[in-house]
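> Provided below for reference: sequence and predicted model.
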Amino acid sequence: MKDQVRVRFAPSPTGGLHIGGVRTILFNYLFAKQNNGKFILRIEDTDQSRFVEGAEDYIFSCLEWCGIKADESPRDGGEYGPYRQSERKSIYREYAEKLVEAGYAYYAFDTSEDLESKRQVTENFRYDYNSRQTLRNSLTIPHEAAESLVKGGAPHVIRIKMPKDENISFTDMIRGDITFHSSEVDDKVLLKADGMPTYHLAVVVDDYLMKITHAFRGEEWLPSAPVHLLLWKYFGWEKEMPQWAHMPLILRPDGHGKLSKRDGEKFGFPVYPINWYDKNSNFKSDGFKETGFIPEGFINMLAMLGWNDGTDQELFSMEQLIEHFSLDRIHKGGAKFDYEKAKWYNGEWIKQLDLSALLQPVKAIMNYHGIHNFEDEYLAKVIDMVKERCQLLSEFHHQGAFFFNAPEKYDTNSVVPKWSEEKKAFFMAFADKLQSANLTESAAIEAKFKELVTEHKLKIGDVMLPFRIMLVGDKFGPAVFDIAATIGTEETKNRIYKALEVFHLHHTNS
RNA sequence: GGCCCGUUCGUCUAGGGGUUAGGACGUUAGAUUUUCAUUCUAGAAACAGGGGUUCGAUUCCCCUACGGGCUACCA
C-alpha cells in the first residue's frame, strides 16, 4: 500500500510570487487532488536578509484568488508543523551535526570575505573535494582544535563533503534518467553561520519530516539535485525519498531567459497573479487580476503552458484539470509566454461563465470608473449583451459605459461630413414617435425607425450609423436597437437631441 | 569557461519509423453582423544542421549548432 500522496510548494517570502511559481503550485495542487493527497504550503524563510514584509500574506492572497486551498500551511495548520522554516530553526542543526559525526559533512571556518577574495584570485574557484584541502575547516585543522572552535562559538558553517568520484543518478518523472558526477558539484553549505539551514539542508529535512512523496520544482533546481540526493542517502532515508519532477521554465516572449519580475513592465503584461508592491525596494507590478483576468482564465492559461491532455481540448475548468492532469504529459522544453493567447483563454471563460460569477467583478469595475446607481439586474443585462466582445474584465467599462451615461464625445467624423437637414428632421420625428408610441421592445423600435426612414425618403444605411453614434458615441457595441431598448425611450430621445446639437455645431463649423 | 536540460508553423503544442505532419493563438482573405466584436469558411505558416541505423527517418543513435538553467553562508 502506497503512502498517501503529499506534495508541497515551498516559496521564500522574498518577493511576490510570479506565474512560474503559481504554475508549480497549480501542478502540485492538481496532482494532490487527483490522488486524494495533501497539498502543503511551507514557507522557506531561511534567508533573513532577504525577507520582505507582506510577501507571505501575498502568497496566501494569490492562492485564494486562484481557488487553491492548502491542506497544511502556516495558516491552516497541520500535524507536521511548524510550516515556517524560521520556526523550525532548532531542528536543522541537529541533523547537520549528525552528518558531521558520520563524516559526510564538516565544519568550515572560512568567512564569506575569505572566499570572496579566493574567487577574485582563482577563476572558477569552487569549494570542493580539491580546494577544501587548502581551506580552514575541520578536515584540515586538528580535530580537537576544530571542536573547541565550534564550542567556543567561532563563526562557522557546515558543508557537505562531496565524494570525489561518484556517479549520482535519479529518475525524474518528467525528464527520465539524469546523471551527475560528484566531482562537478561543490561542497554546498548546509548550515549557515547564523544557524539557519540553507535551502539544500532544509528541503531535505523538511520533505522527510513532512513525509513528502512527490517533489515538484522548477528546472533551475536540477543542478543542485545531486546534493539533495546525497543528503537523502547520507541520512539513511533513501526509501522515503520523494519522486522528483523538474518543471520546464516559463520563458520571456523573446526567448531570452526565464520570465522574471521585471519583464512585466518590459513587455507590457502582468507577471504576478495580483498586484504586488514591495515597499522596501519600491517595486510595483500589476497583477493579472487587476488587469482583468478571472481566475478560471488565468488557471486555464497557466495549465496549458507546458501541459496538454493529448486531445484538442484547450478549455479546462479546475475540476477538469484535476481529472485529466498527468505528469507524463508535461512538456520538457520551456514555454515562451504569449500574452495574446493568455487573453484568449480569459475571453473564452468570460463568454461561458455564469452571470453570477461576472456580476460582482464587473460591478467593481464600473464603480471604479465612477458608475454607480444602477440595479444589479440592469448590469446583468448589460453584461449579457457585451460579454462576447470582452477578453478582459476591464473592457466591460469601455464596452458598457454608454448603457449608463450618455456619450461625452462623439465620433463626429463618421457623421458630420454627410450630415443634412433631412437627417436632422428624421431624427427629430423619430425621437417624438418613440415616446408617443411608447416603444420598449427592440424589434418595435426598429420597425418604427424603418417606417420613418421610408417616410422621409432616406436610406436606412444613411441613418443607422448616426443613430449608433448618438447612443454610443462611437462605432462599436451591440445591435443599436437593442441598446435603445435597454437604455429606454426617454434616454434614447434625450441622447438624440443632445447629439443633434453637437452634430449641428460641427456641421456649421466645417 | 564547466556541468546539466532542452529544440515540430511567429507562439502554445499533437504526433511518431511509411501521415496531405493535426489543433489552438496570432495573421491574411471572404461570408454574416447596415458599427465593432463574436460566429463561420478558406489560406499562408514548422520537424535546427550533418552523419549514421534502416527498404524507409521528422520520429531511434551520435556529433554540431542554437537556446535555456546552474555555477552564493539566495531560494
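Received the coordinates, thanks.

> Can you point out the buried residues in whichever helix in chain A runs longest?
Counting by DSSP state H, the longest helix found in chain A is helix A:489-509. Across helix A:489-509, burial judged by 16 or more other C-beta atoms under 10 Å covers A:489, A:491, A:492, A:493, A:495, A:496, A:499, A:500, A:502, A:503, A:506, A:507. Bear in mind the C-beta positions are built from the backbone N, C-alpha and C, glycine included.

> Rebuild these as CSV, extending it with pLDDT and distance to residue A:282.
Putting the buried residues of helix A:489-509 into CSV (pLDDT from 0 to 100; distance: C-beta to C-beta, whole Å) gives the following:
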residue, pLDDT, distance to residue A:282
A:489, 90, 53
A:491, 94, 46
A:492, 95, 49
A:493, 94, 52
A:495, 96, 46
A:496, 96, 51
A:499, 94, 46
A:500, 93, 51
A:502, 90, 45
A:503, 87, 49
A:506, 76, 47
A:507, 72, 52
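
> Going by distance to residue A:63, which of these wins?
residue A:491 (44.0 Å; C-beta to C-beta).

> Nearest residue to that closest one in space, please, no chain neighbours.
Closest residue to residue A:491 apart from its sequence neighbours, by C-beta to C-beta, 6 or more residues apart in numbering: residue A:406 at 7.5 Å.

> Tell me where the stretch 301-450 of chain A has helices.
A:318-324, A:339-352, A:355-368, A:376-386, A:395-400, A:421-436, A:442-455 (DSSP state H, counting those that start in this stretch).

> Now for residue A:25, how many residues are close by?
Counted by other C-beta atoms under 10 Å, the residues lying close to residue A:25 total 25.

> And for it, nearest residue in space, chain neighbours not counted?
Nearest to residue A:25 is residue A:9, by C-beta to C-beta, 6+ apart, at 4.7 Å.

> Hmm, the one you found is touching residue A:23, no?
No. Residue A:9 sits out of contact with residue A:23 when judged by C-beta atoms under 8 Å, with a separation of 10.5 Å.

> Relative to RNA strand B, how far out is residue A:384?
12 Å (C-beta to the nearest atom of the strand, to the nearest Å).

> Apart from its chain neighbours, what residue comes closest to that residue?
Using C-beta to C-beta, 6+ apart, the nearest residue to residue A:384 is residue A:355, at 6.6 Å.

> mind listing what the one you found touches?
Residues in contact with residue A:355 (C-beta atoms under 8 Å, 6 or more residues apart in numbering) are A:380, A:383, A:384.

> picking up where we left off before, how confident was the prediction at the residue nearest to residue A:25?
Here the pLDDT value assigned to residue A:9 is 98.

> partners of it in the sheet?
residue A:41 (DSSP bridges).

> ok, it - contacts?
Residue A:9 makes contact with A:21, A:24, A:25, A:28, A:39, A:40, A:41, A:42, A:216 under the criterion C-beta under 8 Å, 6+ apart.

> and of the residues you listed, the nearest to residue A:359?
Closest to residue A:359, out of all of the contacts of residue A:9 and judged by C-beta to C-beta, is residue A:25, at 27.8 Å.

> Report the angle between the helix or strand hosting that closest one and helix A:339-352.
Assessed by DSSP states H and E, residue A:25 sits inside helix A:19-34. Orientation of helix A:19-34 against helix A:339-352 (axes from the mean of the first three to the mean of the last three C-alpha atoms, to 10 degrees) gives an angle of 50 degrees.

> Residue A:307 contacts residue A:335, correct?
No. Taking contacts as C-beta under 8 Å, residue A:307 lies outside contact range of residue A:335: 9.5 Å.

> Looking at those two, which one has more neighbours?
For residue A:307 versus residue A:335, the count of surrounding residues by other C-beta under 10 Å is larger for residue A:307: 23 against 16.

> What score does that one have for pLDDT?
pLDDT at residue A:307 comes out at 96.

> need the contact list for it.
Here residue A:307 is in contact with A:27, A:325, A:329, A:330, A:331 (C-beta under 8 Å, 6+ apart).

> Can you sort out which of those also neighbour RNA strand B?
Applying C-beta under 7 Å from any atom of the strand, the subset of the contacts of residue A:307 adjacent to RNA strand B comprises A:329, A:331.

> Could I have the PyMOL command that selects the buried members from the contacts of residue A:307?
Here is the PyMOL command that selects the buried residues among these (16+ other C-beta under 10 Å):
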select buried, chain A and resi 27+325+330
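
> and the residue of chain A nearest RNA strand B?
Nearest to RNA strand B, among the residues of chain A, is residue A:460, at 2.2 Å (C-beta to the nearest atom of the strand).

> what's the distance between that residue and residue A:481?
Here the distance between residue A:460 and residue A:481 works out to 12 Å (C-beta to C-beta, to the nearest Å).

> Looking at the two, which is more packed in?
The neighbour count for residue A:460 versus residue A:481, taken as other C-beta under 10 Å, is higher for residue A:481 (24 against 12).

> Spit out the contact partners of that one.
Residue A:481 makes contacts with A:442, A:443, A:445, A:446, A:449, as judged by C-beta under 8 Å, 6+ apart.

> quick one: what helix or strand has it in it?
With DSSP H and E as the criterion, the answer for residue A:481 is helix A:480-487.

> Stretch A:160-170 and RNA strand B, are they touching?
No. Using C-beta under 7 Å from any atom of the strand, stretch A:160-170 never reaches RNA strand B; the gap is at least 9.4 Å.

> Save the helices of the stretch 301-450 of chain A as TSV, and put in mean pLDDT too.
Compiled in TSV, the helices of the stretch 301-450 of chain A are given as follows (pLDDT from 0 to 100):
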stretch	mean pLDDT
helix A:318-324	97
helix A:339-352	96
helix A:355-368	94
helix A:376-386	95
helix A:395-400	96
helix A:421-436	91
helix A:442-455	92
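
> To residue A:466, which of those lies closest?
Closest among the helices of the stretch 301-450 of chain A, once you apply C-beta to C-beta, is helix A:421-436, at 6.5 Å.

> and residue A:428, how many neighbours?
The number of residues packed near residue A:428 is 14, by other C-beta under 10 Å.

> Name the residues of the stretch 1-150 of chain A found near RNA strand B, please.
Counting by C-beta under 7 Å from any atom of the strand, the stretch 1-150 of chain A sits next to RNA strand B at A:10-12, A:14, A:44, A:46-47, A:50, A:110-112, A:115, A:119, A:124, A:126-127.
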